[in-house]
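Engineer: 3D, please:
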Amino acid sequence: MTGLAFLILFVAVLFGYALNRMAASRIRAKGTRLHSLTRFHGMFAALLVGLPGFVVILFWLMAQGPLIDRSVMNGLPGGVLDGLEAGGVALVLAEIKSIASGQVFGTPEDWKLAAAETMTSRHASASLAMVVVIALMSAALLAFARSRVSQQFRARQGVERIVLGLMIFCSTIAIFTTIGIVLSLVFESIKFFRMVPLNEFLFGLRWEPQIAIRADQVAGQGVFGVLPVLLGSVLIMVIALVVAVPIGLFSAIYLSEFASPRTRNIVKPVLEILAGVPTIVYGFFAILVVAPFLRSSGAAAGLDVSPNTALAAGVVMAIMLIPFISSFSDDALSAVPRSLSDGSLALGATRGETMLKVLFPAAIPGIVGGVLLAVSRAIGETMIVVMAAGIIAKLTINPLDTVTTVTVQIVTLLIGDTEFDNPKTLAAFALGMLLFLVTLCINILALRIVRKYRELYD
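Structural biologist: Numbering: from 1, shown residues only. The predicted structure follows:
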């Protein structure tokens with residue numbers, strides 16, 4: 001039924017566009033001059049029908065499941081849920097849903113079969129009601145949009161108001177989503193710091209989050225010093241940027257200023273293919289090719305190389321970052337007005353001097369943006385580090401040793417069915433808050449650098 005509702009809405013949008021455009025065309029054919037072009041009349045009808053219908057379907061689907069689940073659970077026979085905690089009630093609901101979807105295990109009780117049948121019928125009725133509501137609402141909005149077609153109707157302004165409202169709504173959602181993410185990190189981090197002192201977290205030299213969850217479980221007391229984890233993240237990021245930034249910048253400079261059009265049309269798409277490779281593939285490449293190569297090379301040179309190393313993760317991560325830096329830098333260099341380059345060449349400067357003293361300073365904001373994106377990807381990367389660098393936290397700057405990163409530890413801490421009321425699980429939110437603050441500082445620094453060079457260039 002959901003697909004049918006979307007189909008009805010799609011047909012109504014197309015019909016509304018065609019209907020209003022033809023109505024406006026007939027008015028113009030009579031020699032009457034319209035305020036707006038005919039396509040704006042069609043777009044007004046399409047937006048007026050499509051946006052409310054999509055919002056209604058979305059909220060209907062969001063509310064339908066919880067409301068039906070609550071009504072079914074409230075209609076269960078008395079006493080069947082007595083003595084059950086929240087987890088037990090959730091298991092009963094999950095079993096009823098499984099029976100309703102046709103997945104029956106064993107011989108369920110009669111009241112569960114009846115509840116599943118009730119749930120199925122109510123879902124069908126709700127879906128049918130949604131289709132009817134969408135059809136009636138689309139018809140009403142189509143009639144209203146058709147009645148607005150006239151010589152004086154400002155269809156273009158109407159379309160612009162709808163689109164502006166949509167953009168404001170999307171921006172508001174993005175802002176509140178960001179606020180929600182920050183607040184969730186802050187609240188859970190406060191819980192963590194009530195259990196673990198802040199100075200121990202920030203300045204501790206050991207990261208061993210394994211603690212006893214149950215009274216009969218044998219485990220350590222847990223040590224939550226973040227410096228080894230943070231140092232591992234910085235080490236891998238530095239290795240990746242040392243390799244990726246020069247290669248990305250030089251490739252962008254070559255493609256933008258020195259390569260022939262034929263070479264550029266071949267090399268640039270091939271280079272950007274690297275950006276579409278899944279990170280898990282890079283992880284396989286690191287563990288199957290780069291890490292064995294480093295171990296064999298280190299053994300030949302008499303060096304002690306770990307099976308998982310920061311160097312392997314950093315080098316493979318650099319390969320992943322090259323297309324981002326190259327693409328952003330190339331776009332920034334191409335956006336510089338050609339008159340600046342022509343003027344420099346006309347004054348007798350070489351192409352290299354023009355690139356170094358004219359084009360590159362003008363493109364600094366875009367280039368810094370590309371490097372910033374690469375830094376964010378390097379800090380937030382997980383799969384390559386898990387497979388190539390490991391999960392053991394060590395306080396070392398040796399690139400041939402095993403290290404771990406903040407993102408890897410966040411994933412590790414949240415694996416398993418551990419309650420969110422112990423330091424081991426809450427440490428993931430503290431690490432997330434630290435990662436958020438580090439990224440924020442990097443963004444602020446990048447903005448200051450961009451502003452400085454922009455003012456210098458202007």
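
Engineer: Report the mean per-residue pLDDT for stretch 53-68.
Structural biologist: Model confidence over stretch 53-68, given as mean pLDDT, is 87.

Engineer: mind listing what's buried in that stretch?
Structural biologist: Counting neighbours by 16 or more other C-beta atoms under 10 Å, one finds that the buried residues in stretch 53-68 are 53, 54, 56, 57, 60, 64, 68. Backbone N, C-alpha and C define where each C-beta goes, glycine included.

Engineer: so is the last one in a helix, a strand, or just coil?
Structural biologist: When you say that, I think you mean residue 68. Three-state call for residue 68 (DSSP: H, G, I helix; E, B strand; the rest coil): helix.

Engineer: Would you mind giving the domain segments of the chain?
Structural biologist: Each domain of the chain is listed here as a residue range: 2-180, 223-457, per automatic domain parsing.

Engineer: Identify, by residue count, the longest helix of the chain.
Structural biologist: helix 155-195 (DSSP state H).

Engineer: what is the rounded mean pLDDT of whatever helix or strand comes next after that helix?
Structural biologist: On the C-terminal side of helix 155-195, the nearest following helix or strand under DSSP states H and E is helix 198-203. Helix 198-203 carries an average pLDDT of 85.

Engineer: Tell me, how many residues neighbour residue 413?
Structural biologist: Here the neighbour count serves as a burial measure; for residue 413 (other C-beta atoms under 10 Å) it reads 19.

Engineer: Report pLDDT for it.
Structural biologist: According to the per-residue confidence, residue 413 scores 82 in pLDDT.

Engineer: right, and it touches residue 423 too?
Structural biologist: No - the pair residue 413 and residue 423 fails to qualify as a contact (C-beta atoms under 8 Å) at a distance of 9.8 Å.

Engineer: shared neighbours of these two, which are they?
Structural biologist: Any residue near both residue 413 and residue 423 by C-beta atoms under 8 Å, 6 or more residues apart in numbering counts here, and that gives residue 209.

Engineer: one step back: just checking, what packs against the longest helix of the chain?
Structural biologist: In terms of contacts (3 or more C-beta pairs under 8 Å, 6 or more residues apart in numbering; DSSP states H and E), helix 155-195 is packed against helix 38-74, helix 423-457.

Engineer: Give me the mean pLDDT for it.
Structural biologist: Along helix 155-195, the predicted confidence averages to a pLDDT of 88.

Engineer: between that helix and helix 423-457, how many degrees?
Structural biologist: Angle of helix 155-195 versus helix 423-457, following axes from the mean of the first three to the mean of the last three C-alpha atoms, to 10 degrees, is 130 degrees.

Engineer: Could you pull up phi and psi at the closest residue to residue 392 other than its chain neighbours?
Structural biologist: Nearest non-adjacent residue to residue 392, counting by C-beta to C-beta, 6 or more residues apart in numbering: residue 402, 5.1 Å away. For residue 402, the backbone dihedrals are phi -80, psi 130 (criterion: degrees, to the nearest 10).

Engineer: looking at it, residue 402 is touching residue 394, isn't it?
Structural biologist: Yes - here residue 402 reaches residue 394: they are 6.2 Å apart, a contact under C-beta under 8 Å.

Engineer: Could you list the low-pLDDT ranges of the stretch 351-458 of the chain?
Structural biologist: Screening the stretch 351-458 of the chain residue by residue with the criterion pLDDT under 70, one finds the ranges 416-420, 453-458.

Engineer: Could you rerun that using 80?
Structural biologist: Judged by pLDDT under 80, the stretch 351-458 of the chain has its weakly predicted residues at 352, 365-366, 369-370, 373, 380-383, 386, 390-391, 414-423, 442-443, 445-458.

Engineer: re earlier: residues in contact with the residue nearest to residue 392?
Structural biologist: Counting by C-beta under 8 Å, 6+ apart, residue 402 has contacts 306, 307, 308, 309, 310, 389, 390, 392, 394.

Engineer: let's see it at 6 Å
Structural biologist: Listed by C-beta atoms under 6 Å, 6 or more residues apart in numbering, the contact partners of residue 402 are 306, 308, 390, 392.

Engineer: Show me those that map onto helices.
Structural biologist: Nothing among those maps onto helices, per DSSP H.

Engineer: In JSON lines: these, plus neighbour count.
Structural biologist: Written out in JSON lines, the entries for the contacts of residue 402 read as follows (neighbours: other C-beta atoms under 10 Å):
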{"residue": "306", "neighbour count": "21"}
{"residue": "308", "neighbour count": "22"}
{"residue": "390", "neighbour count": "22"}
{"residue": "392", "neighbour count": "16"}
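
Engineer: Now render the residues you listed as a markdown table, adding distance to residue 114.
Structural biologist: Conversion of the contacts of residue 402 to a markdown table gives the following (distance: C-beta to C-beta, whole Å):
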| residue | distance to residue 114 |
| --- | --- |
| 306 | 61 |
| 308 | 56 |
| 390 | 53 |
| 392 | 54 |
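
Engineer: tell me the two of these that are most distant?
Structural biologist: Of all pairs drawn from the contacts of residue 402, the greatest distance, 9.4 Å, lies between 306 and 392 (C-beta to C-beta).
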